[in-house]
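> how does the following fold in three dimensions:
(chains A and B)
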Amino acid sequence: MIDEAPAAAAAPSDFIRDIVAQHVAENRYAKIVTRFPPEPNGYLHIGHAKAICINFGIALENNGQCNLRMDDTNPAKEEVAYVDAIVDDIQWLIAGWADNCLGLKPKGTTPTSQIVNGQADYHIAAASPGAGQAGAEPFFASDYFAQLHSYAVSLIERGKAYVCDLSPKETEEYRGSPDRPGKESPFRHRSVAENLDLFARMKAGKFPDSACSLRAKIDMASPNMWLRDPLLYRIRHIAHHHTGDAWCIYPLYDYAHCLSDYLEGVTHSLCSLEFTDHRPLYDWVLENLSLPRPLPHQYEFSKLRPTYTLVSKRKLSQLVASGVAQGWDDPRLPTISGIRRRGVPASAVRRFAIGAGVTKFISTTEYAVFENAVREELNPLALRRLAVLKPIKLVLTNIPAGDVIECAATDNPQSETPTTRVVHLTREVFIESDDFAEVPPPKYFRLKPGGEVRLKYACIIQCDEIIKDAAGLVTELRCTADLTTRAGGPNVDRKVKGTIHWVSVSECLDAEVRLYDRLFTVPEPDADGDFMKHVNPHSLEVVTAKVEPSLKEATSANYFQFERLGYFVIDAKEANPGRLIFNRTITLRDTWAKAPGQK
RNA sequence: UGCCUGAUGGUGUAAUGGUAGCACAGGCGACUUUGACUCGCCUAGUCAUGGUUCGAAUCCAUGUCGGGCAGCCA
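Predicted structure coming up:
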């Protein structure tokens, strides 16, 4: 496994952490329990990373637990494959950080609550340090269907819910609009006995889809739309990925979520802002069931929205379906799997997500903040290697063919005890074509006719001659090496302005290198509702690079920095021992490229 | 003419009645066998108007602007 940097410092406090701290001080709960509740209908993306970091972070900081729960109440959209992908992404993202507070449950079990000494006692699984171990699985809202059903019966018995025969279309009309009260359903005042009978028949499959629904009896004139007799259950004759054909009625989010939280002993249900209007309904369900305390409470925060990308499952799937992206794990996508394949360490995703802060302010986070987080984490981790992306041949005329000069190259200068490896300087080397200019711009430190430059880890060279082909293109540079400037040599301290990277022509390896850039050309691709038009046509460039021979042993468990170029990883999906493929995670910061007159 | 929610440099975030701070971005410089890293300096902010107070980003009032809410989605 990759040698990760230590977990980033604890997140600074925020309004939610303040509330939790207050509750801890009051001893309000035996244990702080949060949850991360994805619907298994797609892949996790960078936006989810914030919710993950908040929920797991708060659990971690309070010796609590964060349950991973599949919010799977809509069988039409959900698949097991997504469940597996989500579990995998989560485990990668929190490994070495919060994996000890990851709440999973023994496979096949169902948590329930019971009353012990007048207090709710929750049978929730203990945190599972070996999250990946067989026998553990996430929680599923669908595991609670039986319990949820009996709660619904209880609501009916209390006169708090009724079976409504209005069609979806009529239901919508009766609901009114935000500035106009709704109308009561003609079925609102059915007797408890009739509702019980109807609900039993709904469950028994006596009605077709949408023929009727179970609704909460609240207030059709409420200024809050979610309180206008919201639906609790709908009829769907469709198999569920987790419960199979056991049910044909399925609970809706607002009904299932609060009760799932309750059944798992969740204390703080943290979600994004768009659920703020749902909170009164969340509380209504729990209150009207007269459940034993303590009850969970919902708190909302603003989503993470980085520039130059999209965080919407629907739009992301459009990119995949249209072929703009080559799968959900395309390294240009902001999906967790894409980011991971791109070579971004989990610690960098966390640093970014945590750094964004927790507020109710609708914000956009500059992509540069993400880039900074990636470089911050990679710099101390990445092994330095020499690689030439766009090679041009350079001949050291004073080194005889066949001579091999050993040079010690540092693996990581950031390390307290840096290790080195040997690279071989030979008569012919490749250098980056960008590192030579026949007509150099002002302040050009690199190689130019008659100029000097240092070959990193080797020696200073001087450019004597330029060889061109018939078309006038430079094909070869002829230089003289000053071997007295090598490490240990008498003139090692001689200074030249430029140092460039290189590889030996006779010893280097060919590697496919995929150079990724941001997927969109504008900061807010969907601002005008047509993000497809802003796709960056140059978001992927593939080159055949010349890389130093030690890279033959590279595995996807290593992060590399190709010196002066950027950070790279082996493409975990497509590379194999016979085919070296590197993904560029991100370039190094480059103040030269930004200089006036450059590119 | 509804309800909910928010507003601090370019961006994000802190200050919880007492010196508006930090990070990113941007600029200048030092260092450098990575034009990287590191270090130093600089630029730039409390939505508006009133009020309370010795003192307001913070409390109150009014206004302005932004976001969310009318799925049998989550």
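> wait, what's in contact with A:His268?
A:His268 makes contact with A:16, A:19-20, A:23, A:32-34, A:58, A:296-297, A:299, according to Cβ atoms under 8 Å, 6 or more residues apart in numbering. Placement of C-beta: from N, CA and C, glycine included.
> derive a PyMOL selection command for the buried subset of those.
Entered in PyMOL, the line below selects the buried ones among these, by 16 or more other Cβ atoms under 10 Å:
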select buried, chain A and resi 16+20+23+32+33+34+58+296+297+299
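> inside helices: which ones of the contacts of A:His268?
Counted as lying in helices by DSSP state H, out of the contacts of A:His268, are A:16, A:19-20, A:23, A:58.
> closest one of these to A:Ser290?
Ranked by distance to A:Ser290 (Cβ to Cβ), these are led by A:His23 at 22.3 Å.
> nearest spatial neighbour of the closest one, chain-adjacent residues omitted?
Spatially, and ignoring its direct neighbours in sequence, A:His23 is nearest to A:Tyr29 (6.3 Å; Cβ to Cβ, 6 or more residues apart in numbering).
> next one: A:Ser317
A:Gly42 (6.6 Å).
> would you say that neighbour is within a strand?
No: secondary structure of A:Gly42 (DSSP: H, G, I helix; E, B strand; the rest coil): coil, not part of a strand.
> who are the neighbours in contact with it?
With contact taken as Cβ under 8 Å, 6+ apart, A:Gly42 is in contact with A:82, A:313, A:316-317.
> same thing with A:Thr309?
Neighbour list for A:Thr309: A:46, A:334, A:367, A:518-520, A:525 [criterion: Cβ under 8 Å, 6+ apart].
> what about the closest residue in space to A:Leu198 that isn't next to it in sequence, which SS state?
Once flanking residues are discounted, A:Leu198 sits nearest to A:Val163: 3.9 Å by Cβ to Cβ, 6+ apart. Three-state call for A:Val163 (three-state DSSP): strand.
> I'd say A:Val163 and A:Lys203 touch.
No: using Cβ atoms under 8 Å, A:Val163 is not in contact with A:Lys203; the gap is 10.9 Å.
> when the two are compared, which one has more neighbours?
Between A:Val163 and A:Lys203, counted using other Cβ atoms under 10 Å, the more crowded position is A:Val163 (24 against 18).
> now flag whichever of the contacts of A:Gly42 is closest to A:Ala95.
Ranked by distance to A:Ala95 (Cβ to Cβ), these are led by A:Tyr82 at 20.2 Å.
> what sits against the residue nearest to that closest one when sequence neighbours are not counted?
Spatial nearest neighbour of A:Tyr82, excluding adjacent residues (Cβ to Cβ, 6+ apart): A:Pro40 at 3.9 Å. Applying Cβ under 8 Å, 6+ apart, we find A:Pro40 in contact with A:70, A:72, A:78-80, A:82-83, A:86, A:241.
> what's the answer for A:Val369, then?
Going by Cβ under 8 Å, 6+ apart, A:Val369 touches A:306, A:352, A:355-356.
> coming back round to it: so can I have a markdown table of the contacts of A:His268 showing distance to RNA strand B and pLDDT?
Below are the contacts of A:His268 laid out as a markdown table (distance: Cβ to the nearest atom of the strand, whole Å; pLDDT from 0 to 100):
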| residue | distance to RNA strand B | pLDDT |
| --- | --- | --- |
| A:Ile16 | 9 | 97 |
| A:Ile19 | 10 | 96 |
| A:Val20 | 12 | 97 |
| A:His23 | 15 | 96 |
| A:Ile32 | 18 | 95 |
| A:Val33 | 19 | 95 |
| A:Thr34 | 16 | 97 |
| A:Ile58 | 14 | 97 |
| A:Pro296 | 16 | 96 |
| A:His297 | 14 | 97 |
| A:Tyr299 | 11 | 98 |
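> could you dump stretch A:423-431 to PDB, C-alpha only?
These are the backbone C-alpha positions of stretch A:423-431, laid out as PDB (Å, rounded to 0.1, in the frame of the first residue of the first chain):
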ATOM      1  CA  VAL A 423      21.600   7.100 -13.000                       C
ATOM      2  CA  HIS A 424      24.000   6.700 -16.000                       C
ATOM      3  CA  LEU A 425      25.300   9.600 -18.000                       C
ATOM      4  CA  THR A 426      26.300   8.500 -21.500                       C
ATOM      5  CA  ARG A 427      27.500  10.100 -24.700                       C
ATOM      6  CA  GLU A 428      23.900  10.500 -26.000                       C
ATOM      7  CA  VAL A 429      21.100  11.800 -23.900                       C
ATOM      8  CA  PHE A 430      17.600  13.100 -24.400                       C
ATOM      9  CA  ILE A 431      16.600  16.400 -23.100                       C
END
